[in-house]
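show me the folded form of this:
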Amino acid sequence: GARGRHFLWPFHLLWFWRASRTPGAFGRARDATLGFLVSMRLPYHWWLGLRVFLGTLFWLVFPVTLMAIGHAPIPVAPVIGFIGAAWLAAMALYIPIIQARMAMLNSIRPMFEWREATRAYLRAPWSISLALVASLLSAIPLYLLKVEAVPDEALWLPSLLFAVFIFPARLLMGLALGAAEHRRHSSHWAFRWSGRLPLVPAAALYVLFVFLSQYISWSGIAGLYEQHAFLLPVPHGGM
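Residues are numbered from 1 along each chain as shown. The predicted structure follows:
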């Protein structure tokens, strides 16, 4: 029954010592641990996460590859790179919604349901807009951690920051999508159009940092494929 406050309260050790001396303490601890592991539904969440990962990778690999081609020694390379950046900015406004719908429905089908993602936004424009902005902007500080290679024994530190920055944005998107699912009709046009105002600057700023990350990241151009806002793939490739 350990909780976060127990690690901050030294006198809880006395309770633990007394409880460990009672008959059947080991069996109760064993059963509670096994029950906790079963309640996590690890196989279910692993399979769900794998499908969401593959679906996200499918939509991101093409624009990111075009951005990487922008460095090729050919005359049209800058144009190709710009097309990839614009494509990535457009995808950034849909992928978090698609990921949340895939998790909600436990299916890969929402990966191709772009209209349903748009309809969800129309039903809760400002809620989803704020969740999208949080998803994109919360990933930007993570790129600053890649200026220098992190030793293998310290990789858990950026991973911890990765969860701290990204997890609240995922909760916001889940709440926003839940609000959209409880509404049958689209919001007023004023809310629908005003909700788009922060999306374009947020997407442009995120793509700008993704583009600049190849110049500051230890992994160079390969760092373009590490899209933290979409949990792709992990905070650091060495993990």
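
now stretch 89-108: how far from the chain's centre is it?
Taking CA atoms, centre = their mean, to the nearest Å, one finds the center of stretch 89-108 at 10 Å from the center of the full chain.

quick one: mean pLDDT for it?
On average, the pLDDT along stretch 89-108 is 91.

check stretch 199-214 too.
91.

could you do stretch 144-163 as well?
74.

am I right that Phe82 is in contact with Gly70?
Yes - counting by CB atoms under 8 Å, Phe82 sits close enough to Gly70 to count as a contact (7.2 Å). For every residue, glycine as well, the C-beta is placed using N, CA and C.

so these two - more neighbours on which side?
Gly70 (21 against 14; other CB atoms under 10 Å).

for the residue nearest to that one when sequence neighbours are not counted, phi and psi?
Distances taken as CB to CB, 6 or more residues apart in numbering place Gly81 nearest to Gly70, at 2.0 Å, with adjacent residues excluded. The phi and psi values for Gly81, taken as degrees, to the nearest 10, are phi -60, psi -40.

one more: Thr22?
phi -80, psi 150.

so how far is Trp17 from His45?
Between His45 and Trp17 the distance is 35 Å, computed by CB to CB, to the nearest Å.

what are the boundaries of the helices in the chain?
Assigned by DSSP state H, the chain shows helices spanning 12-20, 25-39, 42-69, 77-92, 95-105, 114-123, 125-137, 140-143, 156-181, 189-194, 199-216.

any idea which of those gets closest to Arg5?
helix 12-20 (8.2 Å; CB to CB).

what is the orientation angle of the closest one with helix 25-39?
Counting by axes from the mean of the first three to the mean of the last three CA atoms, to 10 degrees, helix 12-20 lies at 110 degrees to helix 25-39.

one step back: need the helices of the chain in a markdown table (columns: distance to Ala222).
Output for the helices of the chain, formatted as a markdown table (distance: least, CB to CB, whole Å):
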| stretch | distance to Ala222 |
| --- | --- |
| helix 12-20 | 46 |
| helix 25-39 | 36 |
| helix 42-69 | 8 |
| helix 77-92 | 15 |
| helix 95-105 | 20 |
| helix 114-123 | 29 |
| helix 125-137 | 21 |
| helix 140-143 | 14 |
| helix 156-181 | 17 |
| helix 189-194 | 39 |
| helix 199-216 | 8 |
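
who wins for proximity to His228 among those helices?
Comparing those by CB to CB, helix 140-143 comes nearest, at 4.6 Å.

buried ones in that closest one?
Applying a neighbour-count criterion of 16 or more other CB atoms under 10 Å, one finds 140, 142-143 buried in helix 140-143.

so for stretch 65-84, what's the average pLDDT?
89.

report the buried residues of it.
66-70, 80-81, 83-84.

residues contacting the closest residue in space to Gly84 that isn't next to it in sequence?
Distances taken as CB to CB, 6+ apart place Leu66 nearest to Gly84, at 2.7 Å, with adjacent residues excluded. Applying CB atoms under 8 Å, 6 or more residues apart in numbering to Leu66 gives the contacts 80-81, 83-84, 87.

out of those, who's nearest Ser186?
The closest of the contacts of Leu66, once distances to Ser186 are taken by CB to CB, is Trp87, at 26.8 Å.

I'd like the distance between the closest one and Ala72.
Trp87 sits at a distance of 17 Å from Ala72 (criterion: CB to CB).

cool, and Trp17?
Per CB to CB, Trp17 is found 66 Å from Ala72.

contacting residues for the residue nearest to Gly70?
Neighbouring residues of Gly81 by CB under 8 Å, 6+ apart: 66-71.

go through those residues and name the one nearest Tyr225.
So of the contacts of Gly81, ranked by how close each gets to Tyr225 (CB to CB), first place is Ala68, at 8.2 Å.
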